[in-house]
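Asker: Mind looking at a prediction? Sequence and model below.
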Amino acid sequence: MWGAGKMKMKQVSQLLTLSLVILYILSLAASAIALTKYTGQPGFPYLVFGSVILDGEQFPGAEIQIENTATGYNFIVKANADGYWQEDSTNWLTNNKLRTPVMFGDVIQLTAITGCADGDVCVKTFSAFDTGYTVKAQIDFTLTGEAPVVEPEPEPTPPSPGGSSGGGGGTRRRSHDDGSGDGSGVKWTCGGWFACTEINTQIRVCDDTRGNTKQESQSCVYSKAPIAKKSTVKDEVIVVPPVVTEPVKPVKPDKPKPLLIPDIPDDVDSIYFEAIVSLFVLVSGALGLKWRWQFIGLARYWWNKGHKMRAIKMFLTATKRAKEDFYSKKKE
């Protein structure tokens with residue numbers, strides 16, 4: 001009796017946690033509409049910069065999320081080829097058009113999204129314009145995780161050579177300088193060479209941007225096509241025997257395979273996790289988030305390793321990040 005009651009209390013607690021997470025995600029999606037551009041008196045921008053070290057080496061392309069927790073505005077910045085990154089508050093959004101994007105005492109949170117592993121300090125915060133961060137803030141990360149695999153871009157295919165001496169007037173055209181010597185720099189565009197004629201000459205047609213047309217010629221070697229000799233063999237009547245086909249045996253249709261319905265997991269936490277995934281897909285899809293599947297895969301990885309709270313935080317971070325894409329599209 002006591003065991004059943006304890007299990008029921010655990011399920012109620014989990015449902016309550018799930019409800020709070022859902023409400024938080026929805027509030028983040030709604031808060032995206034409240035952010036606006038600062039239109040007050042201009043001032044000096046606040047500078048935030050740093051470096052990212054991965055396994056003792058500079059980490060190019062590292063992604064750092066910067067968020068002003070006072071306004072809710074956040075975005076992603078990438079490190080350059082030397083592992084350094086830098087941002088200022090000039091174009092940051094705010095929750096009031098007359099409130100500067102960064103004010104004294106605003107808590108700025110920085111999160112290392114890529115390369116973070118267990119035991120690493122992946123989240124750092126500081127108080128803007130406070131002691132040690134009066135006009136700028138240097139925040140460095142030292143990570144030991146795995147760098148994301150970046151597929152190399154395909155090399156461009158070199159263009160194929162144009163036209164041949166025995167062509168039949170193809171549509172490929174090439175440009176060359178005007179040979180008139182008048183210094184005008186007019187470019188002529190020519191088609192492919194036509195077939196060689198009996199006078200050992202072939203021509204092509206050229207035109208320029210002024211609407212003029214001319215013909216160019218060059219020497220070639222003409223070869224006559226071989227003349228087919230008449231056959232002296234009398235026509236013979238060929239009797240084709242009838243084709244005997246075997247009767248087609250009817251093919252029995254395959255038996256329908258039974259529909260495999262996945263078993264519902266016994267772990268109640270897994271059911272709640274899938275519910276969060278479904279909700280995240282709906283919210284991120286409404287905000288136009290194209291990279292949501294990457295966060296889902298990473299969150300599922302941490303969930304399966306037993307870091308369930310970290311997996312839930314991944315969804316919260318992804319939902320915040322969707323606001324940046326939302327405002328980028330809105331500005332366009």
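Answerer: All right, it came through fine. Numbers count the residues shown, from 1 in each chain.
Asker: C-alpha only now, for contacts and for neighbours.
Answerer: OK.
Asker: burial measure for residue 89, as a count.
Answerer: 14 (other CA atoms under 10 Å).
Asker: I'd say it and residue 46 touch.
Answerer: Yes - using CA atoms under 8 Å, residue 89 and residue 46 qualify as a contacting pair, with a distance of 5.3 Å.
Asker: give me every residue that touches residue 70.
Answerer: 106, 107 (CA atoms under 8 Å, 6 or more residues apart in numbering).
Asker: one step back: residues bridging contact with residue 89 and residue 46, i.e. touching both?
Answerer: Here residue 89 and residue 46 have residue 102 as joint contacts, going by CA under 8 Å, 6+ apart.
Asker: Please name the bridge partners of residue 66.
Answerer: Counting by DSSP bridges, residue 66 is bridged to residue 75, residue 110.
Asker: Give me the distance between it and residue 141.
Answerer: Applying CA to CA, to the nearest Å, the value for residue 66 to residue 141 is 13 Å.
Asker: residue ranges with poor pLDDT in the stretch 151-300 of the chain?
Answerer: 151-185, 225-269, 288-295 (pLDDT under 70).
Asker: Is residue 296 in a helix, a strand, or coil?
Answerer: helix (DSSP: H, G, I helix; E, B strand; the rest coil).
Asker: Tell me the buried residues in the helix or strand residue 278 falls within?
Answerer: Using DSSP states H and E, residue 278 sits within helix 268-286. Judged by neighbour count using 16 or more other CA atoms under 10 Å, the buried positions of helix 268-286 are 269, 272, 273, 276, 277, 279, 280, 281, 283, 284.
Asker: Quick check: of these, which lies closest to residue 101?
Answerer: For these, the minimum distance to residue 101 (CA to CA) is 25.1 Å, reached by residue 284.
Asker: My guess is the closest one contacts residue 322. True?
Answerer: Yes - using CA under 8 Å, residue 284 is in contact with residue 322, at 6.7 Å.
Asker: Please enumerate the helices of the stretch 201-332 of the chain.
Answerer: Assigned by DSSP state H, counting those that start in this stretch, the stretch 201-332 of the chain shows helices spanning 268-286, 292-304, 308-331.
Asker: if we compare those, which one ends up closest to residue 218?
Answerer: Among these, helix 308-331 comes nearest to residue 218, with 57.2 Å by CA to CA.
Asker: From the contact counts, what lies against the closest one?
Answerer: Where contact means 3 or more CA pairs under 8 Å, 6 or more residues apart in numbering; DSSP states H and E, helix 308-331 is packed against helix 2-31, strand 73-78, helix 268-286, helix 292-304.
Asker: Other residues contacting stretch 95-112?
Answerer: If you take CA under 8 Å, 6+ apart as the criterion, stretch 95-112 is touched by 34-40, 46, 62-72, 89, 92-94, 122-130, 141.
Asker: Quick check: closest non-adjacent residue to residue 120.
Answerer: Nearest non-adjacent residue to residue 120, counting by CA to CA, 6 or more residues apart in numbering: residue 143, 5.9 Å away.
Asker: who does that neighbour bridge with?
Answerer: Residue 143 has the following beta-bridge partners by DSSP bridges: residue 54.
Asker: Which segments of the protein make up each domain?
Answerer: The chain breaks down by automatic domain parsing into domains covering 12-33+44-148+267-331, 174-219.
Asker: what about residue 134, distance to residue 38?
Answerer: Counting by CA to CA - residue 134 and residue 38 are separated by 21 Å.
Asker: which residues touch the nearest residue to residue 77 once chain neighbours are set aside?
Answerer: With sequence-adjacent residues excluded and distances taken as CA to CA, 6+ apart, residue 77 is closest to residue 64, at 5.3 Å. For residue 64, the contact set (CA under 8 Å, 6+ apart) comprises 76, 77, 78, 79, 110, 111, 112, 113, 114.
Asker: swap the cut-off to 7 Å and go again
Answerer: Residues near residue 64 by CA atoms under 7 Å, 6 or more residues apart in numbering: 76, 77, 78, 110, 111, 112, 113.
Asker: Contact partners for the closest residue to the fifth one other than its chain neighbours?
Answerer: What it means is residue 111. Nearest residue to residue 111 in three dimensions, chain neighbours excluded: residue 123, at 4.5 Å (CA to CA, 6+ apart). Going by CA under 7 Å, 6+ apart, residue 123 touches 110, 111, 112.
Asker: Can you tell me which of these lies closest to residue 84?
Answerer: Among the contacts of residue 123, and counting by CA to CA, the member closest to residue 84 is residue 112, at 13.0 Å.
Asker: Can you get me a residue count around that closest one?
Answerer: 22.
Asker: likewise the one 5 residues further on?
Answerer: Here the count is done by other CA under 10 Å, and residue 117 has 12 residues near it.
Asker: List only those of the contacts of residue 64 flagged as buried.
Answerer: 76, 110, 111, 112.
Asker: Let me have these in TSV, adding pLDDT and distance to residue 53 as columns.
Answerer: Shown next, in TSV, are the buried ones among the contacts of residue 64 (pLDDT from 0 to 100; distance: CA to CA, whole Å):
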residue	pLDDT	distance to residue 53
76	93	18
110	94	15
111	94	14
112	91	11
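Asker: ok so, going back, looking at the helices of the stretch 201-332 of the chain, spot the one closest to residue 85.
Answerer: Taking CA to CA, helix 308-331 is the member of those nearest to residue 85, at 18.1 Å.
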